[in-house]
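A.B. asks: Predicted model, plus sequence, below.
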Amino acid sequence: MIDEASKTEKGIPYYNFRVPAGFPSPAMDYLEERIDLNKVFIKHPLSTFLIDCAGTSMIEAFIPPKCKLIIDRSLTAKNGDIVFAVLAGEFTVKYFKKIGDKCWLCPANKAMNDIEITDEMNMQIWGVVTTILITANDLKQCMP
């Protein structure tokens, strides 16, 4: 018996052109290939995972509740990266800010305050956010 799932093509159609947010292009007839989104979005498969986001602390960085975040554990967080961290036993997603020996986890929401990290807080960065997967409906939550 042939497994029907194995007959389907992996990947989605890819059209190699930039789409203006205006008049439709006649180039829609020129399919380039099928692409595997894992190859496009995941550089280090063995150290990459996906999480669902909750809360509004990163809303101004276009990270609304219900979006999905691709996290790469193999990357070292740099100043300005969005990180997935554990702070006092709680998971959080925030901007990583480092100046000299001090560092902060900073929300992208004007209603919330930056968190200065101290040794007593037991903060660990679990990975760097490499991709934000957001639907058009989720994006509406980020708009004023």
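C.D. replies: Thanks, I have it.

A.B. asks: Now do stretch 50-60: distance to the chain's middle.
C.D. replies: Centroid displacement of stretch 50-60 relative to its chain, using CA atoms, centre = their mean, to the nearest Å, is 9 Å.

A.B. asks: er, stretch 63-83 actually
C.D. replies: Here stretch 63-83 shows a centroid-to-chain-centroid distance of 5 Å under the convention CA atoms, centre = their mean.

A.B. asks: Using CSV, write down the CA coordinates of it.
C.D. replies: Extracted C-alpha coordinates of stretch 63-83, given in CSV (Å, rounded to 0.1, in the frame of the first residue of the first chain):
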residue,chain,number,x,y,z
ILE,A,63,5.6,40.3,18.6
PRO,A,64,2.0,39.9,19.6
PRO,A,65,0.4,37.2,21.7
LYS,A,66,-0.2,33.9,19.8
CYS,A,67,2.7,34.5,17.3
LYS,A,68,5.4,31.9,17.1
LEU,A,69,9.1,32.5,17.6
ILE,A,70,12.0,30.5,16.3
ILE,A,71,14.8,30.4,18.8
ASP,A,72,18.4,29.4,18.1
ARG,A,73,20.3,28.2,21.2
SER,A,74,23.6,28.1,19.4
LEU,A,75,23.8,31.9,19.1
THR,A,76,25.4,34.1,21.7
ALA,A,77,23.2,37.0,22.6
LYS,A,78,24.5,40.4,21.5
ASN,A,79,23.4,43.9,22.6
GLY,A,80,20.0,44.6,20.9
ASP,A,81,19.1,40.9,20.2
ILE,A,82,15.7,39.6,21.2
VAL,A,83,16.3,36.8,23.6
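
A.B. asks: How many residues are close by residue 130?
C.D. replies: Burial of residue 130, expressed as a neighbour count using other CB atoms under 10 Å, amounts to 17. In short, each C-beta sits where N, CA and C put it, glycine included.

A.B. asks: Next, the contact list for it, please.
C.D. replies: 41, 43, 48, 70-72, 75 (CB atoms under 8 Å, 6 or more residues apart in numbering).
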